[in-house]
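Based on what follows, work out the 3D shape:
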Amino acid sequence: MWKLNLKLFFRLLGIFLTLDVFLCLVSAAGVILRAEQTVMSTAEMLDKTGLPTLEAQNWLKLTGYSVSLHTGEPKGFQLPIDPQSHVSGQTISGIRSIDLPNLNSMTFWDQLDGVTYNVTTDNNGRSYLISIRLQETLQILAWVFALLFMLELLMLLGSSFSGARTIRNALRPIEELAETAQNLNTDGGVFTPEQLNVLAGKLDDINATRLDTRIPVDGTQNELKTLASAINGMLDRINDSYRSQVRFVSDASHELRTPISVIQGYANLLDRWGKKDEKALQESIDAIKDETENMKGLVEQLLFLARGDNNTMALQIEHFELSVLASEVLRETQMIDGGHEYTSNVSPVYINADKSLIKQATRILVDNAIKYTPPGRRITVSVSSHHGFARLTVQDEGIGIPSEAVPKIFDRFFRADESRARVTGGTGLGLSIAKWITERHGGHIEVLSRQDIGTRISILLPISTEL
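Purely as a prediction, here's the structure:
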């Protein structure tokens, strides 16, 4: 703001100085022209009446000019060629000079009294010196210029304050835009309608078909580099989000297409042969029931993520012991799965969270461990405290995850092994849901996996300080 204000200040100052110089030149030309007119009138009078008497000379001094005979060689300058057409023929060849006072011995106004315009001209064979005192004219101009300078000074001071206020008001939308863009760039991807409305209309040229457009930062003023960088970062995230949504829609369509195709195939089978073939009829009914159940689960997961993305899911926060919840999930799992060995290592840890959502996330981790752990292998559930966080860990002795796939396991519909995922019936949404639940509670997930050794996934949530 101050840089812009200084630029405006010096720009206005330059305009005033240019105007003052122009007025000075115009005033000087006017003073010279007035003096020349007086010289012409005096020369015409000399041609008619001759040199005035001593008494007349004293009266002439009261009017500001005097006339006397001149002896010796005149010193000074002649008028340029161009203006001579505007001067009387009697004074064309005259020699002009300007007498200036001693600047060190007088006040400013006394100095003005000493400024005299002299013209030496020949008339009827005699040389006359016509002197014109410019005191009154210069004093009037001095007062005019003094008032003008004071007015300009007041305008400069006033423009500094009003300019600062105007610039601040003009830059406030940019500041708000920069702050909003920075918040959108650092708040974990949660975009509220209010934040997006601030940007509405300001990025109209960037649409879904040109999300790779960026604001150039090089050459941008320091005050706007942060804004440009923040908007570019926000556009990167919007671009990634847009591509992720396109991929999400494509994957969701693919996931729904498979059970629909299966159902359609069995429906055609029933239509052709299943009406009389009891074996085909039962097979078709069982397949249709399985596929509709899978579709129901997929749709419920999609709706869950959609509500999470729209921030329409309210958390029912309560105070509970995480170790009790983990033990409950473990007991329920042992009742329906007897093909694996289960162990637990829990210690009392309390948290404030939505109990049903945390239980859902825990089940997701246990279900994944079951799917990718061969029968007879061990699955361990543990709960402990770690640096202010409650750590819930599910560790298996399964097939593990390739190192290059670990960063992608939380992407929606991602499967490290498509063939195995098809066999186990996974949709690739479980870990995405678990990640959303964890982050919604202010926590995070840690993953450690080695192929053919096993996987350990931990949910870390803030510990409750309540008793």
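
Tell me the backbone dihedrals of Pro374, please.
As for Pro374, its main-chain torsions (degrees, to the nearest 10) stand at phi -60, psi 150.

contacting residues for it?
Listed by Cβ atoms under 8 Å, 6 or more residues apart in numbering, the contact partners of Pro374 are Glu397, Gly398, Ile399. Heads up, the C-betas are built off the backbone N, CA and C, glycines and all.

Who wins on neighbours among these?
Among the contacts of Pro374, Gly398 has the most neighbours (other Cβ atoms under 10 Å), with 23 neighbours.

sorry, back to before: go through the contacts of Pro374 and flag which are in strands.
Judged by DSSP state E, strands contain none of those.

for the helix or strand containing Arg257, packing partners?
If you go by DSSP states H and E, Arg257 is part of helix 222-269. If you count contacts as 3 or more Cβ pairs under 8 Å, 6 or more residues apart in numbering; DSSP states H and E, helix 222-269 packs onto helix 135-186, helix 278-309.

go with 10 Å
If you count contacts as 3 or more Cβ pairs under 10 Å, 6 or more residues apart in numbering; DSSP states H and E, helix 222-269 packs onto helix 2-49, helix 135-186, helix 193-199, helix 278-309.

Where among these is average confidence lowest?
Mean pLDDT is lowest for helix 193-199 out of the helices and strands packed on helix 222-269, coming in at a mean of 52.

And for Val246, the neighbour number?
Residues near Val246, counting by other Cβ under 10 Å: 11.

Look up how far Leu298 lies from it.
Distance of Val246 to Leu298, given as Cβ to Cβ, to the nearest Å: 19 Å.

ok, now Asp99?
Taking Cβ to Cβ as the measure, Asp99 falls 105 Å from Leu298.

Tell me which of the two has more neighbours.
Neighbours per residue, other Cβ under 10 Å: of Asp99 and Leu298, the larger number sits with Leu298, 19 against 12.

and Asn345, backbone torsions?
Per degrees, to the nearest 10, the backbone of Asn345 is at phi -150, psi 90.

Under a three-state scheme, what state does the closest residue in space to it that isn't next to it in sequence occupy?
Of all residues not flanking Asn345 in the chain, Ser382 sits nearest, at 4.1 Å (Cβ to Cβ, 6 or more residues apart in numbering). Of the three states, Ser382 takes strand under DSSP: H, G, I helix; E, B strand; the rest coil.

Ser382 pairs with what?
When assigned by DSSP bridges, Ser382 has beta-bridge partners Asn345, Thr393.

my read: it touches Gln395, true?
Yes. Judged on Cβ atoms under 10 Å, Ser382 makes contact with Gln395 at a distance of 7.4 Å.

any common contacting residues for these two?
Applying Cβ atoms under 10 Å, 6 or more residues apart in numbering, one finds that Ser382 and Gln395 are jointly contacted by Thr343, Asn345, Arg456, Ser458.

which secondary structure elements does the helix or strand that the first one is a member of contact?
So that's Thr343. Per DSSP H and E: Thr343 is located in strand 341-346. For strand 341-346, the packing partners by 3+ Cβ pairs under 10 Å, 6+ apart come out as helix 322-336, helix 355-371, strand 378-386, strand 389-396.

who touches that strand?
So strand 341-346 is contacted by 321-327, 329-331, 333-334, 366, 369-370, 373, 375-384, 392-393, 395, 397 (Cβ under 10 Å, 6+ apart).

6 Å instead?
Ser323, Ala326, Leu330, Gln334, Arg378, Ile379, Thr380, Val381, Ser382, Val383 (Cβ atoms under 6 Å, 6 or more residues apart in numbering).

The second one is in contact with Val383, isn't it?
This points to Ala326. Yes. Counting by Cβ atoms under 6 Å, Ala326 touches Val383, with 5.0 Å between them.

what's the neighbour count on Cys447?
Just so we're on the same page, residue 447 is Val rather than Cys. When neighbours are counted by other Cβ under 10 Å, Val447 comes out with 14.

Ramachandran coordinates for it?
Dihedral angles (degrees, to the nearest 10) for Val447: phi -130, psi 130.

Now do the contacts for it.
Residues near Val447 by Cβ under 6 Å, 6+ apart: Val406, Ile457.

What are the structural domain limits within this structure?
The chain breaks down into these domains under automatic domain parsing: 2-142, 252-309, 317-462.

Give me the pLDDT value at the residue nearest to Tyr372 when sequence neighbours are not counted.
Closest residue in space to Tyr372, ignoring its immediate chain neighbours: Gly398 at 4.1 Å, by Cβ to Cβ, 6+ apart. On pLDDT, Gly398 comes in at 91.

same check, this time on Pro462
Per-residue confidence at Pro462 stands at 93 (pLDDT).

beta partners for it?
Phe389.

of all the contacts of Pro374, which comes closest to Ser250?
Minimum distance to Ser250 across these is 26.9 Å, recorded for Ile399 (Cβ to Cβ).

Tell me if I'm right that the closest one and Lys371 touch.
No. With contacts counted by Cβ under 6 Å, Ile399 stays clear of Lys371, the gap being 9.7 Å.

ok so, going back, and the contacts of strand 341-346, which two are the farthest apart?
The span of the contacts of strand 341-346, defined through Cβ to Cβ, is set by Ser323 and Arg378 at 19.3 Å.

Which of these two has more residues huddled nearby?
With neighbours defined as other Cβ under 10 Å, Ser323 and Arg378 compare such that Ser323 has more, 21 against 15.

I'd assumed Val383 was in contact with the more buried one.
Yes. Ser323 lies in contact with Val383 (Cβ under 6 Å); the separation is 4.3 Å.

Now the common contact residues for the two.
By Cβ under 6 Å, 6+ apart, the residues touching both Ser323 and Val383 are Val346, Val349.

So Phe320 belongs to a helix, correct?
No. Per three-state DSSP, Phe320 lies outside any helix segment and is strand.

ok, how many other residues are close to it?
16.

who touches it in this structure?
Contacts of Phe320 by Cβ under 6 Å, 6+ apart are Lys355.

if we go to 10 Å?
Per Cβ under 10 Å, 6+ apart, neighbours of Phe320: Tyr350, Ile351, Asn352, Ala353, Asp354, Lys355, Ile358, Lys359, Ser464.
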